[in-house]
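A.B. asks: quick one: sequence and predicted model below, then my questions.
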Amino acid sequence: MLITEQELDTLFSWIEEYDTIIIHRHVRPDPDAIGSQLGLKVLIQNAYPNKRILAAGTSIESLTWMGKMDDLSKDDYKDALVIITDTANQERIDGAHYDEGAKLIKIDHHIVVDEYGDLQIAYPEATSASQLITEISQRSNDRLPMTDEASELLYAGIVADTGRFLYSPTPDTFEAAKVLVGQDIDTRQITDRFSETAIKEARFQGFAYENIEFHEEGVASLLITREIMEDYDISEDATNIVLNIPSNVKGMYTWVNFIEQEGDNPKYRVRLRSKGPAINHIAQAHGGGGHAMASGAKANSTEEMEEIMKELKEITTEYKANLA
Ligand code: AMP
């Protein structure tokens, strides 16, 4: 268990106090962002049916199976409690006006880069934000009891952020999963959502297997241009299915996807992953951030992509030398 009693007391007293509670999460949401956001929404709404609990941010098609966002206006924020889940820095919060409520709470599991909010429940040792929301319910003394609907959302968040319990789950991860699986949920159906692909996505995986560059330094890289996405009729979100292909390739310790963004000057979204050296400092040096083993950044030119490659090769070479 990670969260302090003092943090829990403040959180529960503010949830009790405010009639409107608005929950945000980060842009480009993944299942943990939506799972923690909507999971918390369902928990509060169930415990306080007379309060207005709203979810803010844009919806993305691939995750509509998890639930929908609410329509919000500036007026909703008057005297509202605002909670942000799964978002390390304010720049990445999806939705406007988040700082116009009465109080702001951050609940996050990323490395702390931006200390925002009147209350911060920030634990990088948690493997997902959904794990933290589950702990909050578990330690609420029945003030936010778990429900089946919240369990499905939170379980999806945990499954996604741990890569189906592959990426460094801790005893606390399994403790949370135990609570959720104990509810009436269909875990098989939830995990199937992560494994099924469309035929065009299967073909796109073929492209990735052919084109990933495996460098002798132990770094793998893949450039995904707009043209490729058009050729395969693949959205940027859907490119996610090829991101972790190098994780199972012997001798590879770090890997990166450069995803071309729309616009005249090529700019690239940079998705960095590692099973060896920490890579978040490279992301931070290129306008991004994230976790030690999973980070994101931006490259404004081909030169910046090359710089990132050079930096990755350096840290990976050093890591390999220390392994020997
Ligand atoms: P992604 O590659 O988009 O799945 O991101 C991996 C991790 O890095 C997630 O935890 C993100 O929250 C974080 N991240 C991605 N892009 C950025 C960014 N531009 N700034 C800060 N953190 C980021």
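C.D. replies: Nice, thanks for sending it over.
A.B. asks: tell me where this structure has strands.
C.D. replies: Counting by DSSP state E, the chain has strands at residues 20-24, 52-55, 80-85, 103-108, 119-122, 213-214, 219-224, 254-260, 268-274, 289-290, 294-299.
A.B. asks: most tightly surrounded among these?
C.D. replies: strand 80-85 (a mean of 28; mean count of other CB atoms under 10 Å). In this view, the C-beta of every residue, glycine as well, is placed from N, C-alpha and C.
A.B. asks: who in the stretch 151-300 of the chain is up against the ligand?
C.D. replies: Proximity of the stretch 151-300 of the chain to the ligand (CB under 6 Å from any ligand atom) is limited to residues 271, 288-291, 294-297.
A.B. asks: okay if I get these as a markdown table plus pLDDT?
C.D. replies: Below are these laid out as a markdown table (pLDDT from 0 to 100):
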| residue | pLDDT |
| --- | --- |
| Arg271 | 98 |
| Gly288 | 94 |
| Gly289 | 91 |
| Gly290 | 90 |
| His291 | 90 |
| Ala294 | 94 |
| Ser295 | 96 |
| Gly296 | 96 |
| Ala297 | 97 |
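A.B. asks: take the residues you listed and lay them out in a markdown table including distance to Ala56.
C.D. replies: Shown next, in a markdown table, are these (distance: CB to CB, whole Å):
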| residue | distance to Ala56 |
| --- | --- |
| Arg271 | 25 |
| Gly288 | 23 |
| Gly289 | 21 |
| Gly290 | 22 |
| His291 | 24 |
| Ala294 | 24 |
| Ser295 | 25 |
| Gly296 | 21 |
| Ala297 | 25 |
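A.B. asks: ok, now how distant is the nearest residue to Ile234 once chain neighbours are set aside from Gly182?
C.D. replies: When the adjacent residues along the chain are set aside, Ile234 lies closest to Phe204, with 5.0 Å between them (CB to CB, 6 or more residues apart in numbering). Using CB to CB, to the nearest Å, one obtains 37 Å as the distance from Phe204 to Gly182.
A.B. asks: can you check Ile84 too?
C.D. replies: Distance, Ile84 to Gly182, by CB to CB: 28 Å.
A.B. asks: top helix in this structure by residue count?
C.D. replies: helix 302-323 (DSSP state H).
A.B. asks: anything in that one near the ligand?
C.D. replies: No - Helix 302-323 does not reach the ligand (CB under 6 Å from any ligand atom); its nearest approach is 12.9 Å.
A.B. asks: how far off strand 294-299 does that helix point, in degrees?
C.D. replies: 150 degrees (axes from the mean of the first three to the mean of the last three CA atoms, to 10 degrees).
A.B. asks: mind giving me the packing neighbours of helix 302-323?
C.D. replies: strand 219-224, strand 254-260, strand 268-274, helix 280-285, strand 294-299 (3 or more CB pairs under 8 Å, 6 or more residues apart in numbering; DSSP states H and E).
A.B. asks: may I have it as PDB, with CA atoms only?
C.D. replies: Output of helix 302-323 as PDB, limited to C-alpha atoms (Å, rounded to 0.1, in the frame of the first residue of the first chain):
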ATOM      1  CA  THR A 302      15.400  14.700 -39.000                       C
ATOM      2  CA  GLU A 303      18.600  16.000 -37.200                       C
ATOM      3  CA  GLU A 304      16.800  15.800 -33.900                       C
ATOM      4  CA  MET A 305      15.800  12.200 -34.600                       C
ATOM      5  CA  GLU A 306      19.400  11.400 -35.300                       C
ATOM      6  CA  GLU A 307      20.500  13.100 -32.100                       C
ATOM      7  CA  ILE A 308      18.000  11.000 -30.200                       C
ATOM      8  CA  MET A 309      19.300   7.800 -31.900                       C
ATOM      9  CA  LYS A 310      22.900   8.800 -31.000                       C
ATOM     10  CA  GLU A 311      21.900   9.400 -27.300                       C
ATOM     11  CA  LEU A 312      20.100   6.000 -27.200                       C
ATOM     12  CA  LYS A 313      23.000   4.200 -28.700                       C
ATOM     13  CA  GLU A 314      25.400   5.800 -26.200                       C
ATOM     14  CA  ILE A 315      23.400   4.800 -23.100                       C
ATOM     15  CA  THR A 316      22.600   1.400 -24.500                       C
ATOM     16  CA  THR A 317      26.300   0.700 -25.300                       C
ATOM     17  CA  GLU A 318      27.200   1.800 -21.700                       C
ATOM     18  CA  TYR A 319      24.500  -0.400 -20.300                       C
ATOM     19  CA  LYS A 320      25.700  -3.400 -22.200                       C
ATOM     20  CA  ALA A 321      29.300  -2.800 -21.200                       C
ATOM     21  CA  ASN A 322      28.200  -2.900 -17.500                       C
ATOM     22  CA  LEU A 323      26.300  -6.200 -18.100                       C
END
